[in-house]
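Chemist: How does the following fold in three dimensions:
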Amino acid sequence: MPMEQVVACLFCAFLALLLLKLRKRGNDNNAATKITLPPSPSRLPFIGNLHHLRRSPLAHRALADIARELDAPLIYVQLGDAPVVVASSADAAREIMKTHDKKFASRPYPPTIQSLRPMGLGIFFAPYGALWRQLRKVAIVKLLSVRRVQAFRRVREEEAGRLVAAIASTPPGEAVNLCERIFRVITDSMTRTMIGERLERREEFLVVLAEIVRIASAFTLVEFYPSSWLARVIGSTPRRAHASYRTTYDLAESALRQRQQRREAVEAPARPKNAMTGEEEEEELMDELVRIHKEGDLGVPLTIGNVKAVLLDLFGAGSETSSDALQWAMSELMRNPRVMKKAQAELRDKLRRKPTVAEADLADLKYLKLVVKETLRLHPVLPLLVPRQCQESCKIMGYDVPKGFIVLVNAWAIGRDPKFWDDPEEFKPERFENSAVDLKGTDCAPSYGDDLLASGRPAILWKMMRTETNGPCHTSPASVIDPERHGLSSPLLASPKSKVISHGTRCRPRF
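Modeler: Model (predicted):
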């Protein structure tokens, strides 16, 4: 067949698809005449509002710009075939996450996630229903209770001490990659909490975790056109996601075997006792989940695949979010000497007379907690939170949100809303003094695995501040944060000024 005929056939096929899509959209518009959708920017055929995302390399910044131009707390954008509603104000987010939380409890199920179903679903990707409610209850009541989180304080203190020891042992003049150190300490804390020891295949897990984060944080062609077989054929993301998920489940199976071998090596395994109370410490999260799986007394049986999925959910949520938050906090402290000096002055004042310092002593460090809050306001670890899907048509801020629409909460835009915050682009921890905003739950993002380390963030940050540093090496503090990227534009490098007296869990402070 001559090339001209091939081109003509392809053009006719494309034109026919375009006309069919326009006709379908016209029918949809006629059916939707009685509903009031949120304000929306101009759309183009076939791609909808995708061209508006070119405003910024970061989707949350582009969506925030659209909301600002439309002066709307809730906007509607058509991203390919995907209808999306974006909340950019605290009031809109509260209606979605609190007032109508059950209607938005389910997550979208894109092709990149569909391969998880045979392997077992956890809290994040299980559809709203009996299984999801059961997994959520197990996580909150059994795994993340206040008692259990406090029980693993020793692990957090030990790992924070290891971090300080590693920084303090650095030869004079040599830079330390704080980003890498923080991430490894958080990872080890999570694995010790889950299986009682560090993961044998840690390096392999870190590589695949980074790949999953890259896949999950990027918009892909198959998500814009989930019903298109062509998008699945052309795009490599579903195949990459499937391979990464299989690897993580294999690693979870390896962790189960590692834990089982450790228990079998001891004839009568006994849990260690708390040095302060003398009571037996809580069993590891993996043991708790396996016990629930074997007992089988839940309404919906918990399969071993569900056990692996929940472990991976908790690990991913806890390690990635805590690591990012601590990196941002250290970066902002280095960029803002005034805040750093004020935080260090509080340390000297509150902890000077204490012979030993533990995590429990950090309750007096009110300004340090304000630093963490301000960090999460400016740099939410999930700028668009976890996507939700409307399960029942409802009204948000007076606008209709039809069933099936994807809903995003732009936490990045909410944290920088000039209608709510004074000088929103400035790093001012003092703004949270006498404030009830805690940047969790309906104020920001609900957390599951992150709760295991949330109380440890100030502890790790405090221990790092004890080891005074010369600041980032090879790059200026101001250049560490790039507004056009989510994350640090270059590794956070620092060299210690002085050594720390003790590298143990409880160290004598040196100011």
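Chemist: Output the below-cut-off pLDDT ranges for this protein.
Modeler: Where the chain drops to pLDDT under 70, the residues are 1-33, 115-118, 266-283, 355-357, 436-511.
Chemist: Setting aside sequence neighbours, what's the nearest residue to Met340?
Modeler: With sequence-adjacent residues excluded and distances taken as Cβ to Cβ, 6 or more residues apart in numbering, Met340 is closest to Leu333, at 4.6 Å. Every residue, glycine included, has its C-beta placed from N, CA and C.
Chemist: Show the subsequent helix or strand relative to the helix or strand containing that neighbour.
Modeler: In the assignment (DSSP states H and E), Leu333 maps to helix 304-335. Of the helices and strands lying after helix 304-335 in sequence (DSSP H and E), the nearest is helix 337-351.
Chemist: Just the buried positions in that next one, please.
Modeler: 339-340, 342-344, 346-347, 350-351 (16 or more other Cβ atoms under 10 Å).
Chemist: Kindly reformat the residues you listed as TSV and extend each row with distance to Gln261.
Modeler: Supplementary listing: the buried residues of helix 337-351 in TSV, determined by distance: Cβ to Cβ, whole Å:
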residue	distance to Gln261
Val339	47
Met340	46
Lys342	49
Ala343	44
Gln344	45
Glu346	46
Leu347	43
Lys350	44
Leu351	42
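Chemist: Wait, Tyr367 touches Lys341, no?
Modeler: No - under the criterion of Cβ atoms under 8 Å, Tyr367 makes no contact with Lys341, lying 11.0 Å away.
Chemist: one step back: let me see the contact set for the residue nearest to Met340.
Modeler: 339-340, 343, 371, 465 (Cβ atoms under 8 Å, 6 or more residues apart in numbering).
Chemist: go on, Ile113?
Modeler: With contacts defined as Cβ under 8 Å, 6+ apart, Ile113 is in contact with 107, 125, 241.
Chemist: Let's see if you can find the most crowded of those.
Modeler: Among those, Ala241 has the most neighbours (other Cβ atoms under 10 Å), with 23 neighbours.
Chemist: Just the element for it, please.
Modeler: For Ala241, the enclosing helix or strand under DSSP H and E is helix 237-264.
Chemist: Flag every buried residue along the helix or strand following that helix.
Modeler: Past helix 237-264, further along toward the C-terminus, the next helix or strand under DSSP H and E is helix 285-295. Judged by neighbour count (16+ other Cβ under 10 Å), helix 285-295 contains these buried residues: 285-290, 292-293.
Chemist: just stretch 396-406 next, same as before
Modeler: Judged by neighbour count (16+ other Cβ under 10 Å), stretch 396-406 contains these buried residues: 396, 399-402, 405-406.
Chemist: what's near enough to touch Asn49?
Modeler: 40-43, 66, 77-79 are the contacts of Asn49 under Cβ under 8 Å, 6+ apart.
Chemist: no wait, Thr36
Modeler: Under the criterion of Cβ under 8 Å, 6+ apart, the neighbours of Thr36 are 398-400.
Chemist: sorry, back to before: what is the nearest of the contacts of Leu333 to Ile215?
Modeler: Distance to Ile215 across these (Cβ to Cβ) is lowest for Val371, with 31.7 Å.
Chemist: Neighbours of the residue nearest to the closest one when sequence neighbours are not counted, how many?
Modeler: When the adjacent residues along the chain are set aside, Val371 lies closest to Pro429, with 4.8 Å between them (Cβ to Cβ, 6+ apart). In terms of burial, Pro429 registers 23 neighbours under the definition other Cβ under 10 Å.
Chemist: check contacts around Pro429.
Modeler: By Cβ under 8 Å, 6+ apart, the contact set of Pro429 is 339, 367, 370-371, 373-374.
Chemist: what do you get if the cut-off is 6 Å, keeping everything else the same?
Modeler: With Cβ atoms under 6 Å, 6 or more residues apart in numbering as the criterion, the residues that contact Pro429 are 370-371, 374.
Chemist: quick one on the thing from earlier: identify, from the contacts of Leu333, the entry nearest to Val233.
Modeler: Sorting the contacts of Leu333 by distance to Val233 puts Val371 at the head of the list, at 48.6 Å, by Cβ to Cβ.
Chemist: Counting by contacts, list what the helix or strand where the closest one lies packs against.
Modeler: Assigned by DSSP H and E, Val371 falls within helix 366-378. Here helix 366-378 is seen to pack against helix 304-335, helix 337-351 when contacts are counted using 3 or more Cβ pairs under 6 Å, 6 or more residues apart in numbering; DSSP states H and E.
Chemist: Please enumerate residues in contact with the helix or strand immediately after that helix in the chain?
Modeler: Per DSSP H and E, helix 366-378 leads on to strand 388-389 as the next helix or strand towards the C-terminus. Applying Cβ under 6 Å, 6+ apart, the external contacts of strand 388-389 come out as 104, 106, 108, 406-407.
Chemist: okay if I get these as TSV plus distance to Thr248?
Modeler: Shown next, in TSV, are the contacts of strand 388-389 (distance: Cβ to Cβ, whole Å):
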residue	distance to Thr248
Phe104	27
Ser106	22
Pro108	20
Ile406	25
Val407	27
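Chemist: Got a PyMOL select line for the buried ones in those residues?
Modeler: Buried residues within the contacts of strand 388-389, as defined by 16+ other Cβ under 10 Å, are selected in PyMOL through the command that follows:
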select buried, resi 104+106+108+406+407
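Chemist: Restricted to strands, list the contacts of strand 388-389.
Modeler: Secondary structure from DSSP state E places 406-407 of the contacts of strand 388-389 in strands.
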